[in-house]
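[1] Test case, fold it:
(one chain, ligands or ions: 1)
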Amino acid sequence: MPSPKARSSAARSGSVPCTGGNVRYEFISLNRAPPPQLLQRQGSDPTTARLRASESPNRRRGSGSSTSSAGGQQLPEEDCMKLNPSIVGIAFSSLLAIDLWLSKRLGVCACEDASWGSVRPLMKLVEISGHGIPWLAGAAYCLYKSDSAAGQEVLLNLLMALFLDLVLVGVMKAVVRRRRPAHNRMDMFATFSVDGYSFPSGHATRAAMCARFLLAHLVLAAPLRVLVLLWATFVGFSRVLLGRHHVTDVAFGFFMGYWQYNLVEMLWLSPVVLQSMIGQLH
Ligand SMILES: CC(C)=CCC/C(C)=C/COP(=O)(O)O
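    Numbering: from 1, shown residues only. Just a heads-up that it's a prediction; the model follows:
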């Protein structure tokens, strides 16, 4: 082992002295190019070194950072410990660890045998109240029954908002592909394939967006307005209690649903647009 001084000078110079046989971990600078002597050990010039690095899939993952041993044996970059933890990386990992721990602790209705398992049926009722199908069916039915132009305008825009929510959440889930908590039992009714993923919670986005929609477009007495807010909060909270989601899935879901409503306002279908749409149908 080199002395700490030797190691730190190697680190400063950006060299990568990772040895074979007894694997020795050394510091590696992630934001500096390897020094010329290392490139010479890898090949006669930087281009050759890069070509060599592309020989195996392991090396292909990080050009210029594969390492050489004392005996000339090349080690894949995975065998070297990169000690360059960023504050953001540490904060992110810590948040995820807290999220996993908290979500597991709060998943008290995740199954019948869990500590609050007896209230699971009630939580599943709350789940249904925020599911897409009752909302889509309810909005479509009210639209069919509505005989005022203003009512039809609001309900058609609500339908548009609900479809927009399904699309945006589906895309987000497909991109992030976060797994649901291990303690979740996948016994939800009527799901899409992307609903196998966890981030963000579709119930939370829908609850936040619909709550804003209702508060903006229905004339409700103060107690009812409070009830709408409580319902939306409870739908989100029940996702964690049921073990369906991590806390961050729901928190982001609320955030996303809140902003989705702004998008709905921007895309609002006016009576003029609706008239021309109806005209095209006839
Ligand atoms: C089938 C339809 C119309 C909607 C699916 C609604 C659904 C099951 C969303 C998943 O919500 P979470 O992401 O909160 O689990």
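[2] for the ligand, what are the nearby residues on the stretch 51-200 of the chain?
    Within the stretch 51-200 of the chain, the positions adjacent to the ligand are His131, Gly132, Ile133, Leu136, Met188, Ala190, Thr191, Phe192, Asp195 by CB under 6 Å from any ligand atom. All C-beta atoms are positioned from the backbone trio N, CA, C, and that covers glycine.
[3] May I ask which two of those residues are separated the most?
    Distances among those were taken as CB to CB; the most separated pair is Leu136 and Met188, at 16.0 Å.
[4] give the contact list for the residue nearest to Phe199 when sequence neighbours are not counted.
    In space, and not counting its chain neighbours, Phe199 is closest to Arg178: 3.9 Å by CB to CB, 6 or more residues apart in numbering. With contact taken as CB atoms under 8 Å, 6 or more residues apart in numbering, Arg178 is in contact with Tyr197, Ser198, Phe199, His246, Asp249.
[5] now Gly236
    If you count contacts by CB under 8 Å, 6+ apart, Gly236 has them with Ser201, His203, Ala204, Ala207, Ala208, Val250, Gly253, Phe254.
[6] ditto for Ala114
    Counted by CB under 8 Å, 6+ apart, Ala114 has contacts Gly107, Val108, Arg120, Gly243.
[7] Take those and keep only those in helices.
    Mapping the contacts of Ala114 onto helices (DSSP state H) picks out Arg120.
[8] which of the contacts of Ala114 lies closest to Leu224?
    So of the contacts of Ala114, ranked by how close each gets to Leu224 (CB to CB), first place is Arg120, at 27.9 Å.
[9] where exactly do the helices run in the stretch 101-250 of the chain?
    Applying DSSP state H, counting those that start in this stretch to the stretch 101-250 of the chain gives helices spanning 120-129, 132-145, 149-176, 202-217, 222-241, 247-266.
[10] Not counting the next helix or strand after the last one itself, show me its contacts.
    If I follow you right, that is helix 247-266. The first helix or strand that comes after helix 247-266 along the chain, using DSSP states H and E, is helix 271-281. Here helix 271-281 makes contact (CB under 8 Å, 6+ apart) with Ala149, Gln152, Glu153, Leu156, Leu269.
[11] How is the protein partitioned into domains?
    4-79, 88-281 (automatic domain parsing).
[12] could you dump those domains to JSON lines with mean pLDDT?
    Formatted as JSON lines, those follow (pLDDT from 0 to 100):
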{"stretch": "domain 4-79", "mean pLDDT": "42"}
{"stretch": "domain 88-281", "mean pLDDT": "94"}
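[13] which of those domains is buried the deepest?
    Highest mean neighbour count among the domains of the chain (mean count of other CB atoms under 10 Å): domain 88-281, with a mean of 16.
[14] Can you name the residue of the stretch 1-150 of the chain nearest the ligand?
    Using CB to the nearest ligand atom, the closest approach of the stretch 1-150 of the chain to the ligand is made by Gly132 at 3.0 Å.
[15] ok now do that residue, which residues does it touch?
    Leu162, Asp165, Leu166, Ala190, Gly202, Arg206.
[16] go with 7 Å
    For Gly132, the contact set (CB atoms under 7 Å, 6 or more residues apart in numbering) comprises Leu162, Leu166, Arg206.
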